[in-house]
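Colleague: sequence first, then the predicted structure, then my questions.
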Amino acid sequence: MKVRVDSERCQGHTLCAMIAPKAFQLSEIDGHSTPVSEDVPADQEDAVREAVHSCPEQAISIY
């Protein structure tokens, strides 16, 4: 599973980093969630899916 955050859509929320802290981190510059790595570890896939479905801006995509 690969994940990407659309920084133009991300409104600086911390939701991704709260739901899937091993997969996302907060940028120190703008507070946006960014993937820790493009490839999500298998044990984090469920948390990432939850973050995707919970994102109000639909800023996260899985491919």
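Modeller: Looks like it arrived, so ask away.

Colleague: quick check: what element follows the longest helix seen in the chain along the chain?
Modeller: When the chain is parsed with DSSP state H, its longest helix is helix 45-54. Going down the chain from helix 45-54, the next helix or strand is strand 60-62, by DSSP states H and E.

Colleague: what mean pLDDT does that following strand have?
Modeller: Average pLDDT, strand 60-62: 87.

Colleague: before we move on, what about stretch 34-47?
Modeller: 88.

Colleague: what does that stretch contact?
Modeller: 1-5, 7, 19-20, 22-27, 48 (CB atoms under 8 Å, 6 or more residues apart in numbering). From N, CA and C alone the C-beta is placed, and that goes for glycine too.

Colleague: for the residues you listed, which one is nearest Ser33?
Modeller: Phe24 (4.6 Å; CB to CB).

Colleague: contacts only, for the closest one.
Modeller: By CB under 8 Å, 6+ apart, the neighbours of Phe24 are Val5, Cys16, Ala17, Ser33, Thr34, Pro35, Val36, Val48, Ala51.

Colleague: for the residue nearest to the fourth one when sequence neighbours are not counted, give its distance to Val40.
Modeller: Closest residue to Ser33 in three dimensions, ignoring its sequence neighbours and counting by CB to CB, 6 or more residues apart in numbering: Cys16, at 3.5 Å. As judged by CB to CB, to the nearest Å, Cys16 and Val40 stand 12 Å apart.

Colleague: who touches both of the two?
Modeller: By CB under 8 Å, 6+ apart, the residues touching both Cys16 and Val40 are Ala23.

Colleague: these two: which has the busier surroundings?
Modeller: Cys16 (28 against 21; other CB atoms under 10 Å).

Colleague: the residue lying farthest from the centre of the chain is in what secondary structure piece?
Modeller: Residue farthest from the centre of the chain, counting by CA atoms, centre = their mean, is Ile29 at 16.2 Å. Ile29 belongs to no helix or strand when elements are defined using DSSP H and E.

Colleague: same deal with Val3?
Modeller: strand 3-5.

Colleague: what does that strand rub up against?
Modeller: Residues contacting strand 3-5 (CB under 8 Å, 6+ apart): 16, 23-24, 32-35, 38, 40, 48, 52, 59-63.
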